[in-house]
Structures are given as C-alpha cells and as structure tokens.
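Trainee: Here's a sequence, model it:
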Amino acid sequence: MALELLDASRASAWGVGSAGQISVVGDSLTSGTLPYQADALADVGWTRTTIDAYRNRGVLTKMNGDKHTGLTAVDAIRRESGDSDLWVVALGSNDAGSLPRNQDLIRRMMDRIGGGHHVLWVNIYLRSKPARQEAWNAALDDVANDLSDGMFIYDWASVAAPNPQWLADDQIHCTPSGYKHRATEIAMATRSMVPSTPIVTGPLRARRPGATNAVA
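Mentor: The predicted structure follows:
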C-alpha cells in the first residue's frame, strides 16, 4: 500500500486551518503521482491530504500485497485519519467492463463514502481499449448525473488524449513528467472544492451528451 499523509504544516499561503482534509483512493496511476500529489494539493489550499493507492487495485479487487480494495481503503483512511471534506477516487482502469456492472461498482464506492460528502472521480483513458474506456466513463457520467449534488467527474481522458508525451509505452500509465502533470491537473480540479471557497463545478466539460457534472 502507498499511503501518504500531509499535515497542516505543509499548507500553502492559504494558511493553516483555512481548508480541510482531502483523501485520495487510487491504483497504480495514483501511486505514480505520490512524489507530487500531496504538494500539488497543498498548493491549492488543502491542509491535510491522505493518499491510499496500490497497483492493479479495483473497487472490489486487489493484489496479494495490497491490504485494501477500493472499498476497504475508504474504511482504512477513516480509521487512521478521520473523514474528509473531499474524496478523490481514481479507480476504474482495472474495473472497466459492461455498463451495468460498471454502474454497480461505482455506486458501491459512492455508498461506502456515503452521503453528505463531495466526491471527485477521475475517469479513465485506455487508448488501446476504447470500448472499455467508453463504457466505464459513460457509467461514471450516468451515476454523477443521478448524484449531482455530491459527485463530480474529472475528465482525465480528454486531458490525456492530446498529450501523448505524458504517457508511457502502454498508453495507460504515465512518464515521470506525465505523473507530475496528472497530479497538478487533479489538484487544480479540486481547487473550487476547498472548504474555504464555494463548492462549484467550475467550467463544465461534457465528455458525451448528457454528462453535466464533469470538471475540466
């Protein structure tokens, strides 16, 4: 498990106590951002960041060396660090399948986080498997439309596609530079959700017709 905790001493010019806690649950793509993600989140105002990520993780699945699935990672973060003002979920590359199954997995993750929270879910980019990508991202859009008060989508697919130089040879994972860009992009997407500022979606980028809760 890759677990990183950023305390209030790392807060940026927003000031200690000006914001709250953000937690990130992810797979190997999130593991790759660990050298950059906490600092990037501090730069936009978060005073405390917890990141739990491991390679090949899914919502319900994990590798032998991983202590948690996506669901149980939420429980572990709450147990060790308390609840969060914003949850960032970056899962799906290892889950993507049929649309109904995708929706069930996404809803189970949202149920585990629970109502009364804001969730930013990072969608997936699978250049070599566009049908799987589309099915997963469409499911995210559908669930976000149903949970429009608390669930938002960060459209990584639309950011990664025109920046192939950020991607490794498998066109899924990133180069070191790509991971730094990914960390910065995700942090910027959370900026309007820092508790000291109004929670708004910002400019909307609909990845497909009907996707109304996409954060660009």
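Trainee: Now do the strands in the protein.
Mentor: For the chain, the strands defined by DSSP state E occupy 2-6, 21-26, 48-53, 86-90, 118-122, 151-154, 214-215.
Trainee: how far does stretch 87-96 stretch from start to finish?
Mentor: 20 Å (C-alpha to C-alpha, to the nearest Å).
Trainee: Thought residue 135 was touching residue 98, still the case?
Mentor: Yes - between residue 98 and residue 135 there is a contact at 6.5 Å, judged by C-beta atoms under 8 Å. Yep, even glycine has a C-beta here, placed from its N, CA and C like the rest.
Trainee: CA atoms of the longest helix anywhere in the chain as CSV?
Mentor: Secondary structure assigned by DSSP state H gives helix 130-146 as the longest helix of the chain. C-alpha atoms of helix 130-146 as CSV (Å, rounded to 0.1, in the frame of the first residue of the first chain):
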residue,chain,number,x,y,z
PRO,A,130,-11.6,2.5,-26.3
ALA,A,131,-14.8,0.4,-25.8
ARG,A,132,-13.9,-0.4,-22.2
GLN,A,133,-13.0,3.2,-21.6
GLU,A,134,-16.2,4.5,-23.1
ALA,A,135,-18.3,2.0,-21.1
TRP,A,136,-16.6,2.9,-17.8
ASN,A,137,-16.7,6.7,-18.4
ALA,A,138,-20.3,6.6,-19.5
ALA,A,139,-21.2,4.7,-16.3
LEU,A,140,-19.4,7.4,-14.3
ASP,A,141,-21.4,10.1,-16.1
ASP,A,142,-24.7,8.4,-15.5
VAL,A,143,-24.1,7.9,-11.8
ALA,A,144,-22.8,11.5,-11.5
ASN,A,145,-26.0,12.8,-13.1
ASP,A,146,-28.0,10.9,-10.5
